[in-house]
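> pasted the sequence and its predicted model underneath.
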Number of protein chains: 2
Amino acid sequence: MSLNGIEFKGLLKEKGFKLTTQRRAVLEIMQDHKGEHLTTEEIYELVKERCPEIGLATVYRTVQLLESLKLVRKLNLDDGCCRYELGLEDEDHHHHHLICEECGKVIEVAEDLLDPLETKIEDLFNFKITDHKLKFYGVCEDCLNH
Amino acid sequence: MSLNGIEFKGLLKEKGFKLTTQRRAVLEIMQDHKGEHLTTEEIYELVKERCPEIGLATVYRTVQLLESLKLVRKLNLDDGCCRYELGLEDEDHHHHHLICEECGKVIEVAEDLLDPLETKIEDLFNFKITDHKLKFYGVCEDCLNH
DNA sequence: CTGCCTGCAAACCGTTTGCATAACC
DNA sequence: GGTTATGCAAACGGTTTGCAGGCAG
């Protein structure tokens, strides 16, 4: 995804939103931290480095906006707070997460073999699936080896 | 699962816990509401009917205990609170949930075709999988038909 | 009798909201 | 200029915790 300022602005305009310094800064931070699972608080700390006057509430409002625009994906890693990662629109399928119950590490899994299951469920329940979230819990390699 | 008082007591004793009226009452409520996805607050309200002096904090502590004993499963249905359902130990595979983004309805899916994917991931990452959680988001039959 | 468990209330913490001001278009 | 967005601080809501008393083993 190469979402430059112009494209972002257009995307916002389409929905009647304005492009502000804060919104651009949050998106840029997310792009700079592709592959990480950032807390809203962490995003706030990072954004403050280049945009010191930003308020935490704005970050909360902005990540929600980015999520509604599908630029960002909300994760729940069972640690009591919302985390976000860049939602790559050119990703043909969503990746998933392995969560180690020993050390808390989160591993990304590119594989997505859920398609056959999805179509089966759509037929069975007449339910139009738009997204799915899959997490595996267990013990990672490092912890297995003590 | 036919977990009577005796078995439950043994399971608790094994880990050094005591069998109290409150713990039994919470477990019984969960068994009486098999298949539902109860909020801690909802469990609290239900338990109070047969155990009026119970405190909300005890319910919080108890559901966590039951979860650690694998008698109960924690769900995150993205509505800002923890929900719990009876974790059937004789269930060979976990079921999953379809969440309608229009009306919020939650549909259970007994199907579980994740086994091949699990073994693949275990081999690939040398990660011992103990559990998984899968949610599908979309629009349910009723909402599709307006 | 000893230590775990409970009920209560206060503390916690991530998140949301109201409002006056500032910024975008 | 009109309207949306921001920053601040207070409110919110679910959850956790400290502690004195209660109960199981």
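The structure has been received and is ready for your questions.
> what residues are up against residue A:80?
Taking CB atoms under 8 Å, 6 or more residues apart in numbering or on different chains as the definition of contact, residue A:80 has no neighbours. Quick note: C-beta positions are derived from backbone N, CA and C, even for glycine.
> and the gap between it and DNA strand C?
Look at residue A:80 and DNA strand C: by CB to the nearest atom of the strand, to the nearest Å, they are 5 Å apart.
> next one: that residue from residue A:123, what distance?
In this structure, residue A:80 lies at 37 Å from residue A:123, with CB to CB, to the nearest Å as the measure.
> how about residue A:146?
If you go by CB to CB, the gap between residue A:146 and residue A:123 works out to 46 Å.
> so residue A:30 touches residue A:87, yeah?
No. Contact status for residue A:30 versus residue A:87: not in contact, 9.1 Å apart, counting by CB atoms under 8 Å.
> what about these two, which has more around it?
Between residue A:30 and residue A:87, counted using other CB atoms under 10 Å in any protein chain shown, residue A:30 has the larger neighbour count: 24 against 17.
> leaving out chain neighbours, which residue sits closest to the more buried one?
residue A:86 (5.0 Å; CB to CB, 6 or more residues apart in numbering or on different chains).
> thinking again about what came up before, looking at residue A:146 and residue A:123, which is more packed in?
For residue A:146 versus residue A:123, the count of surrounding residues by other CB under 10 Å is larger for residue A:123: 9 against 5.
> which residues in chain A form strands?
Under the criterion DSSP state E, chain A contains strands at A:38-39, A:72-75, A:83-86, A:96-100, A:106-109, A:128-139.
> follow-up on the earlier one: tell me, how many residues neighbour the residue nearest to residue A:30?
The burial metric for residue A:86, expressed as a neighbour count using other CB under 10 Å, is 22.
> residue contacts, it?
A:1, A:30, A:31, A:33, A:34, A:35, A:71, A:72, A:73.
> and the residues you listed, which are buried?
Among these, those classed as buried by neighbour count (16 or more other CB atoms under 10 Å in any protein chain shown) are A:30, A:33, A:71, A:72, A:73.
> any idea how far the third one is from residue A:87?
Right, residue A:71. For residue A:71 relative to residue A:87 (CB to CB), the value is 6 Å.
> repeat for the second one
For residue A:33, the distance to residue A:87 under the criterion CB to CB works out to 13 Å.
> flag the shaky bits of chain A, pLDDT-wise.
Residues of chain A meeting the criterion pLDDT under 70: A:1-2, A:4-6, A:89-93.
> what about 90?
For chain A, applying pLDDT under 90 flags the ranges A:1-6, A:35, A:87-95, A:102-104, A:110-117, A:146.
> before we move on, back to that, ok, so of the buried ones among the contacts of residue A:86, who is nearest residue B:116?
Within the buried ones among the contacts of residue A:86, proximity to residue B:116 (CB to CB) peaks at residue A:73, which comes in at 25.3 Å.
> what's the closest non-adjacent residue to that closest one?
According to CB to CB, 6+ apart, the nearest residue to residue A:73 is residue A:87 (4.0 Å).
> so residue A:143 makes contact with residue A:104?
No. No contact is recorded between residue A:143 and residue A:104 when judged using CB under 8 Å, the distance being 9.9 Å.
> so these two - more neighbours on which side?
Neighbours per residue (other CB under 10 Å) separate residue A:143 from residue A:104, with residue A:143 holding more: 16 against 12.
> which residues of chain A lie near DNA strand C?
Within chain A, the positions near DNA strand C by CB under 7 Å from any atom of the strand are A:9, A:12-13, A:18-21, A:39-41, A:56-57, A:60-61, A:64, A:80-82.
> give me that answer again for 10 Å
Within chain A, the positions lying close to DNA strand C (CB under 10 Å from any atom of the strand) are A:5, A:8-10, A:12-13, A:16-24, A:39-44, A:53, A:55-61, A:63-64, A:74, A:76, A:79-84.
> mind giving me the ChimeraX select for those, buried ones only?
Isolation of the buried members of the residues of chain A next to DNA strand C (16+ other CB under 10 Å) is achieved in ChimeraX through the command below:
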select /A:8,12,19,22,23,24,40,42,43,44,58,59,63,74,76,82,83,84
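> can you narrow the residues of chain A next to DNA strand C to ones near DNA strand D?
Checking the residues of chain A next to DNA strand C against DNA strand D by CB under 10 Å from any atom of the strand, the ones in range are A:12-13, A:16-24, A:44, A:53, A:55-61, A:80.
> now, those residues that are in helices?
A:12-13, A:21-24, A:44, A:56-61 (DSSP state H).
> dump those residues to TSV, plus distance to residue B:135.
As requested, those are exported to TSV (distance: CB to CB, whole Å):
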residue	distance to residue B:135
A:12	29
A:13	32
A:21	35
A:22	31
A:23	29
A:24	32
A:44	27
A:56	28
A:57	28
A:58	29
A:59	26
A:60	23
A:61	25
